[in-house]
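[1] no FASTA, just this:
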């Protein structure tokens with residue numbers, strides 16, 4: 001490198017390109033996690049806007065509907081609200097992380113399913129206490145089925161990793 005500045009520049013440039021590519025590949029896990037957590041978000045929030053908010057007469061309570069519905073899903077899946085998690089994990093909250101950022105692929109898939117199910121329950125006018133019971137049962141059943149299966153997200157063939165094989 002000390003003999004040829006052109007070679008040194010080429011080497012440094014190529015090294016940086018490889019590091020950038022590696023960074024993108026490592027970040028792909030975060031991307032699929034965020035995709036899973038947002039997959040049914042629009043369906044969920046639309047049902048809140050159409051079916052839940054119109055039933056509320058107190059304007060002050062309308063401000064909290066979306067957070068309440070999100071916490072309903074958090075309770076069904078994780079067993080606690082976002083505020084309870086932040087209080088129990090202040091060091092992670094300071095890093096701007098939340099429970100959904102730390103959830104595994106199975107939990108995020110179930111969360112996405114719960115958003116769709118909750119949208120249907122909102123449309124049907126199911127009361128809050130009934131919704132939490134139905135959502136909790138669905139979360140437990142789905143999570144148990146996913147965890148019992150041999151199918152994991154790391155077995156999906158990606159352009160970055162060789163396929164380790166899927167069990168049928």
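    Cool, the structure landed. Just so it is clear, the model here is predicted, and its values are computed rather than measured. Numbering: from 1, shown residues only.
[2] CA atoms for contacts and neighbours, from now on please.
    Fine.
[3] quick one, helices of the chain?
    For the chain, the helices defined by DSSP state H occupy 5-38, 41-47, 59-62, 65-78, 82-88, 90-94, 99-102, 105-123, 128-148.
[4] want to throw the ones you listed into TSV with mean pLDDT, mean neighbour count and distance to residue 53?
    Listed next are these as TSV, based on pLDDT from 0 to 100; neighbours: other C-alpha atoms under 10 Å; distance: least, C-alpha to C-alpha, whole Å:
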stretch	mean pLDDT	mean neighbour count	distance to residue 53
helix 5-38	73	13	21
helix 41-47	86	18	9
helix 59-62	82	11	6
helix 65-78	93	19	7
helix 82-88	92	14	21
helix 90-94	85	12	29
helix 99-102	85	15	25
helix 105-123	92	22	10
helix 128-148	94	15	13
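[5] distance between the ends of stretch 113-133?
    Using C-alpha to C-alpha, to the nearest Å, one end of stretch 113-133 lies 15 Å from the other.
[6] straight-line length of stretch 58-67, end to end?
    Start and end residues of stretch 58-67 are separated by 16 Å (C-alpha to C-alpha).
[7] who touches it?
    Defining contact as C-alpha atoms under 8 Å, 6 or more residues apart in numbering, one finds that stretch 58-67 is touched by 45, 48, 52, 53, 56.
[8] rerun at 6 Å
    Applying C-alpha atoms under 6 Å, 6 or more residues apart in numbering, stretch 58-67 turns out to have no external contacts.
[9] stretch 135-147 too?
    So stretch 135-147 is in contact with 76, 77, going by C-alpha under 6 Å, 6+ apart.
[10] and it, how far from the chain's centre?
    15 Å (C-alpha atoms, centre = their mean, to the nearest Å).
[11] and residue 63, how many neighbours?
    Neighbour count for residue 63, taken as other C-alpha atoms under 10 Å: 11.
[12] and the gap between it and residue 15?
    Taking C-alpha to C-alpha, one finds residue 63 at 50 Å from residue 15.
[13] now residue 130
    From residue 130 over to residue 15 the distance is 57 Å, taken as C-alpha to C-alpha.
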